[in-house]
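*Asks:* quick one: sequence and predicted model below, then my questions.
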Amino acid sequence: SNNRIPIEAQILCNGTELRFERSEFYEGDRLYLRFLSSVSGYLCMYLVDKEPFAYCMLPYSSEKIGAQIVDANKEYLFFSSVADKKRIVDEYVMTCSHEGEINTLIIIYSPVEFSKPTDTEVAPGIRGLSYKDLQKWLIQIQTRDDKVSVIRKEITLKKLRK
């Protein structure tokens, strides 16, 4: 749709500057999201593993909101407590249970208010839902909101370098 707002979303590995943008991670690497939009709106993010199961990364687990509010023309760095000292931040250190894994990060943004899909606590501080349920919700929200943007970024996870 031509109604979609241009956004920037970069996945960063072990650093908070654009030069750290990567799609390949090793066990123990830190993951960050840099986000920027020219229009204020709402944001959420999921990590989908090989099961497939969708883990909610944004909004943060300590926040009881339907979606992360983002201001226009403000650069955000998510998953860094150094960049955001005003609230409790979820910080991510990547783990890998197999020799190599491919996960998908799904970033959902809209200038129109929305709430993330209903999920459940799967471990202390970790919320998620089946990938099938996330897909159903994505279809519903994209049908109702022609301004919603969905960005999928595949990341590769590998065991520690030897």
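*Replies:* The structure has been received and is ready for your questions. Numbers count the residues shown, from 1 in each chain.
*Asks:* beta partners of the residue nearest the centre of the chain?
*Replies:* Averaging the C-alpha coordinates of the chain gives a centre point, and the residue nearest to it by Cα atoms, centre = their mean is Met45 (2.8 Å). Here Met45 sits in beta bridges with Leu58, Ile107, going by DSSP bridges.
*Asks:* and the gap between it and Arg87?
*Replies:* 16 Å (Cβ to Cβ, to the nearest Å). C-beta here means a position set from N, CA and C on the backbone, and glycine is covered the same way.
*Asks:* please enumerate the helices of this protein.
*Replies:* Ranges of helices in the chain, per DSSP state H, are 131-144.
*Asks:* okay, now the unreliable bits of this structure?
*Replies:* Within the chain, the stretches with pLDDT under 70 are 1-2, 161-162.
*Asks:* ok, now with 80
*Replies:* Within the chain, the stretches with pLDDT under 80 are 1-3, 160-162.
*Asks:* any idea how far Leu36 is from the closest residue to Glu63 other than its chain neighbours?
*Replies:* Nearest residue to Glu63 in three dimensions, chain neighbours excluded: Arg87, at 7.4 Å (Cβ to Cβ, 6 or more residues apart in numbering). Look at Arg87 and Leu36: by Cβ to Cβ, they are 19 Å apart.
*Asks:* which one's more surrounded, these two?
*Replies:* More neighbours surround Leu36 than the other of Arg87 and Leu36, with 15 against 9 (other Cβ atoms under 10 Å).
*Asks:* please verify my assumption that that one contacts Glu75.
*Replies:* Yes - taking Cβ atoms under 8 Å as the definition, Leu36 is a contact partner of Glu75 at 5.0 Å.
*Asks:* give me the common contacts of the two.
*Replies:* The overlap between the contact sets of Leu36 and Glu75 (Cβ atoms under 8 Å, 6 or more residues apart in numbering) is empty.
*Asks:* how about Gly66, what does it touch?
*Replies:* Residues near Gly66 by Cβ under 8 Å, 6+ apart: Tyr42, Pro59, Glu113, Phe114, Ser115, Lys116.
*Asks:* give me the buried subset of the residues you listed.
*Replies:* Neighbour counting with 16 or more other Cβ atoms under 10 Å marks Tyr42, Pro59, Phe114, Lys116 as buried within the contacts of Gly66.
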